[in-house]
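S.K.: Sequence plus the predicted model coming up.
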Amino acid sequence: MSIIVPELGEPSGPTRPIRAQSVFGRLLHRPMAVVGIIIIAVVVLAALFAPVLTPHDPNEQYFEGLTLEGAPLGPNGQFWFGTDLLGRDLLSRLIVGAQTSLIIGVVANGLAVIIGSLVGITAGYFRGIVGAVLMRFTDLMMSFPALLLAIVLAAIFRPSLWIVALVIAMVNWVQIARVLYTETRSLSEREFIEAERSLGAGSMLILWRHILPHLVSTIIVWATLGISTTVLLEATLSFLGIGVRPPTPSWGNIIFENQTYFATAPWLVFIPGAAILLLSLAFNVLGDALRDILDPTQQGRAA
Amino acid sequence: MIAEAATLFELRGLVTEVASSSAPRRVVDGLSFTLERGKTLCIAGESGSGKSMTALSLMGLLPQPMARVASGSALYKGRDLFGLAPDAMRLIRGREIGMIFQEPMTSLNPVLTIGRQLFEAITANATLSATEVRARALHLLDQVQIPEAARRLTQYPHELSGGMRQRVMIAIALSQKPDILIADEPTTALDVTVQAQILSLIRLLQQETGTAVIMITHDMGVVAEMADHVLVMKDGRQVETGTAGNIFNAPREAYTKALLAAVPRLGAMAGTSLPRRANQPPNSAREVVAVDNLTVRFDLRGGLLRQVNQRVHAVEGISFRLHAGETLALVGESGCGKSTTGRALLNLVPYTGDISVNGTHIAGLRPDQMKPIRRDIQMIFQDPYASLDPRMRVGELVAEPLKIHRLAKGSELTDRVEYLFRRVGLPAEAASRYPHEFSGGQRQRICIARALSLSPKVIVADESVSALDVTIQAQVLELMQDIQNETGIAYLFISHDMAVVEQISHRVAVMYMGRFVEIGTRAQIFENPQHDYTRKLMAAVPVPDPLRHRRGYVPFGGELPSSVHSVRYEPQPAVYRDVGAGHLVAEPAI
């Protein structure tokens, strides 16, 4: 019988945290994450139940919605968030616009993240000719001004909400691919990846079990940051007439329609602006919390 | 009171705290010592003992705002350094107390020339004319024995070797003629032959300038070589203090004794033929690895078309056999090709020549063909922090090879993992933890468990104990030998540490510039070294015995020749002379 002397009874790190809780359960322990979840939930619910929730018809130009001089009304008892230049109820338009903004923010951005991750990780891990071709293509896409590319693409296809989402995804995946390419490259040179190879692990297993988990935090940060970018890009496209067609409201096109009256009717810009800000902030906070929770080495550090 | 007069610096009751999520943690707890002019105090201890934190506290360089000096005083020239304002402390740093760090690779700024960094240090606290500065810089480089000083001034750090960079660091630290020099593990990152040069240089400079040295090290050999006084630390507290003679010859505390007992001593195994714990000779009838004429060259590309214009000759035509139950050690200094050899055995680098593992030729196998062979040969890497995926539970990591090779699943898998954990001396409950929750030694046990999971015939251990403290190192070595006794596994033990190699190996191959200069049994190599390089390597190992006559000045050994050659270069094959019983020596001396 051999004698083995374990050097330490207990691990050197902090006491072992309880891991039985689900990710969601642990999210609820973080006040900021809870605020983020609530905001996102409110926007999602508003978008889903828009027909029920809207106090007025979002496209109706109310006679009483304008002053006698034809100026929009500020927030008041009848129109809680005021009215726009055409006398339409801003609150109703915001609620309906949430649908557009969420579709763009989640679908377009999600698509961009998926394309970017696939390209970046594949190129970073396999390198060689595959990697070179993929990354030169990425560079090529990067060298076009994003807006110009979006305009060209949008002009080729017939504008609709889904086409706009697709166009935005085609423009936005590039940065994610670049960042993930670099990270995957440095990860695949780390010793534990070589250790996996020496055990006989195949490429798919290494990518799925050992590389992807390390990239999750980066992907989440880019995904949440991307939501605000895509919402704004949609607004820009809408403003140029190649995005969502009026009178369908989106948070972006509400701002662009009304921006020239910023001085006289500031609520028309501030309120939808605040909505965009709050939503992207909520996703950011949630993303931050998720990143911390998913990283086992972060446990025990201050939340 | 003559002794009082010689006291240059006195530390009283230093307490350093580091903020943590709960209460502040004491990393240095009530440390006191005095330092005399021209003497060397060695602070010895294992990792986490708080020795580096002590040095940073003295220099006022603790990482802000997480760490702070909570109490204590550092009396120097009638002042308490801990009470000084940051500006006043800045004037003390460099001018009165200089510091050398562990990593010469990272402590010099890579984008500035050596000259620029040296000039900056010289003019930091003094105004001198340009010619005076240059003269002083040249003088300093001469003092630290750097050849061709004038040319070095225009060179960048990456153009110098590790030993040269550490000399430059010493020159910078000495530029202000400090009274005290703090050296934090100054030779840990260097090869033994270079270490011997740097240590003797520090001693020489100390004699010339009368500087007092505080040397922080984990290596008791270095302590014996350098120290007048020794302070042994553990968990932030002083364990024992005394003169070097007292500590080494009559240690009072159990910890000091254990620490000294764990230090491998070169020559301790003389007269025995088997490794320390081995209970049977290897089975020389069963060859598990056969390597013939292994050559590894890496292409260097350059020019407009990225064509291959030079090659690094990492390994040059080596051949060896490894038998069941045998440990063959590959020793050599950094860059000699020993790690590359280990990686080639697992097909992790491209090579020419022939390698067979357990009778199968592995050259040119595709990954899927290589997969069954990986069951027979496994690897343990040097850095247990880097070779475990930090996002996976260690149980999953140990189970993974079994899943990859579809050898076990369900409860059988759980049982097997549990057995492996117990086998390497870890509780089975440890499986659900993450790698960062373990100490370095425990992690290396996990790596061993993972390598063992496939019951391989051979394990390549690449510097597997170099990153560990001596006491932990001894335990891991024991574990490896016990496993060998039990299972008849063969090890290819790659190491730079001659003393460790002597303890564990049956046979030893000394590697230099990609070739074996000498190969033979442990006794042949250690008791009758034939090649100059082997002798040089053994002479450079610091011996943990302060009574042993201290080495005189070790002259600057010059740079290793480059292993980068043009594409057309074909080296002469090495010729070996058998000096008796399979003891091969390269000839002529490379």
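M.R.: Looks like it came in fine. On a predicted model such as this, the values are computed, not experimentally measured, just so you know. Residues are numbered from 1 along each chain as shown, chains lettered A, B, ... in the order given.

S.K.: which parts of stretch B:248-268 are buried?
M.R.: Residues B:248, B:251, B:255-256, B:259-260, B:262-266 are the ones in stretch B:248-268 that count as buried (16 or more other Cβ atoms under 10 Å in any protein chain shown). (C-beta placed from N, C-alpha, C; glycine too.)

S.K.: again but with stretch B:407-419, I slipped
M.R.: For stretch B:407-419, by 16+ other Cβ under 10 Å, it's B:408, B:413, B:416-418.

S.K.: ditto for stretch A:122-137
M.R.: Buried residues in stretch A:122-137 (16+ other Cβ under 10 Å): A:122-125, A:127, A:131, A:134-135.

S.K.: who's in contact with it?
M.R.: Stretch A:122-137 has contacts (Cβ atoms under 8 Å, 6 or more residues apart in numbering or on different chains) with A:119, A:138, A:177, A:180-185, A:187-188, A:203, A:206-207, A:211.

S.K.: what helix or strand does the residue of the stretch 1-150 of chain B found nearest chain A sit in?
M.R.: Ranking the residues of the stretch 1-150 of chain B by distance to chain A (Cβ to the nearest Cβ) places residue B:21 first, at 5.9 Å. Residue B:21 belongs to no helix or strand when elements are defined using DSSP states H and E.

S.K.: Neighbours of it, how many?
M.R.: 10 (other Cβ atoms under 10 Å in any protein chain shown).

S.K.: Just flag the most distant two among the buried residues of stretch B:248-268.
M.R.: B:255 and B:266 (23.4 Å; Cβ to Cβ).

S.K.: Name the residues that touch the helix or strand encompassing residue B:525?
M.R.: Take DSSP H and E as the rule and residue B:525 turns out to sit in helix B:522-527. Residues from elsewhere that reach helix B:522-527 (Cβ under 8 Å, 6+ apart): B:266-267, B:269-273, B:275, B:502, B:505-508, B:510, B:518-519, B:534, B:538, B:580-583.

S.K.: Go through it and flag the buried ones.
M.R.: Buried-residue list, helix B:522-527, by 16+ other Cβ under 10 Å: B:522-526.

S.K.: low pLDDT regions in chain A?
M.R.: Residue ranges of chain A with pLDDT under 70: A:1-21, A:297-303.

S.K.: just the helices in chain A please.
M.R.: A:23-27, A:31-48, A:50-53, A:90-102, A:109-126, A:128-143, A:146-156, A:161-188, A:191-199, A:203-205, A:212-239, A:251-258, A:267-294 (DSSP state H).

S.K.: chain center to the fifth one: distance?
M.R.: A distance of 16 Å separates the C-alpha centroid of helix A:109-126 from that of its chain, computed with Cα atoms, centre = their mean, to the nearest Å.

S.K.: Over to the shortest one?
M.R.: Going by Cα atoms, centre = their mean, the spacing between the C-alpha centre of helix A:203-205 and its chain's C-alpha centre is 28 Å.

S.K.: Excluding chain neighbours, what is closest to residue B:537?
M.R.: Using Cβ to Cβ, 6 or more residues apart in numbering or on different chains and skipping residues adjacent in sequence, the residue nearest residue B:537 is residue B:498, 6.2 Å away.

S.K.: residues near the one you found, how many?
M.R.: 23.

S.K.: same check, this time on residue A:294
M.R.: 15.

S.K.: Then residue A:56?
M.R.: Residue A:56 has 18 nearby residues by other Cβ under 10 Å.

S.K.: For chain B, see how far away it is.
M.R.: 51 Å (Cβ to the nearest Cβ, to the nearest Å).

S.K.: Contact partners for that residue?
M.R.: Going by Cβ under 8 Å, 6+ apart, the list of residues near residue A:56 reads A:62, A:79, A:88-89, A:91-92.

S.K.: Can you tell me the closest non-neighbouring residue to the residue positioned nearest the centre of chain A?
M.R.: Using Cα atoms, centre = their mean, the residue of chain A that lies closest to the mean C-alpha position is residue A:227, 2.6 Å off. In this structure, residue A:227 finds its nearest non-sequential neighbour in residue A:105, 4.2 Å apart by Cβ to Cβ, 6+ apart.

S.K.: Stretch B:480-487 close to chain A?
M.R.: Yes. Applying Cβ under 8 Å from any Cβ of the partner chain, one finds stretch B:480-487 in contact with chain A at B:482, B:485-486.

S.K.: Quick check: of those, which lies closest to chain A?
M.R.: Chain A lies nearest to residue B:482 out of the residues of stretch B:480-487 next to chain A, by Cβ to the nearest Cβ, at 3.8 Å.

S.K.: Could you pull out the buried residues of the helix or strand in which the closest one is found?
M.R.: Take DSSP H and E as the rule and residue B:482 turns out to sit in helix B:470-487. By neighbour count on 16+ other Cβ under 10 Å, the buried set for helix B:470-487 is B:470-484.

S.K.: Moving C-terminal from that helix, which element do we reach first?
M.R.: Downstream of helix B:470-487, the next assigned helix or strand under DSSP H and E is strand B:490-495.

S.K.: gap between that following strand and the chain center?
M.R.: Relative to its chain's centre, strand B:490-495 lies at 17 Å (Cα atoms, centre = their mean).

S.K.: Export whichever helix or strand comes after that strand to PDB, keeping only CA atoms.
M.R.: Using DSSP H and E, the helix or strand that follows strand B:490-495 in sequence is helix B:498-504. Output in PDB follows, covering the C-alpha atoms of helix B:498-504 (Å, rounded to 0.1, in the frame of the first residue of the first chain):
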ATOM      1  CA  MET B 498      19.500  17.800 -12.100                       C
ATOM      2  CA  ALA B 499      18.700  17.100  -8.500                       C
ATOM      3  CA  VAL B 500      15.100  16.000  -9.200                       C
ATOM      4  CA  VAL B 501      16.200  14.000 -12.200                       C
ATOM      5  CA  GLU B 502      18.700  12.100 -10.000                       C
ATOM      6  CA  GLN B 503      16.000  11.000  -7.600                       C
ATOM      7  CA  ILE B 504      13.400   9.700 -10.100                       C
END
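
S.K.: which residues sit against helix B:498-504?
M.R.: B:192, B:263-269, B:275-276, B:327, B:329, B:331, B:465, B:473, B:477, B:480-481, B:491, B:493, B:495, B:508, B:522, B:526, B:537-538, B:541.

S.K.: so what pLDDT did residue B:453 get?
M.R.: On the pLDDT scale, residue B:453 is placed at 90.

S.K.: Pull up the gap between the nearest residue to residue B:13 once chain neighbours are set aside and residue A:114, please.
M.R.: Nearest non-adjacent residue to residue B:13, counting by Cβ to Cβ, 6+ apart: residue B:72, 4.4 Å away. Distance, residue B:72 to residue A:114, using Cβ to Cβ, to the nearest Å: 57 Å.
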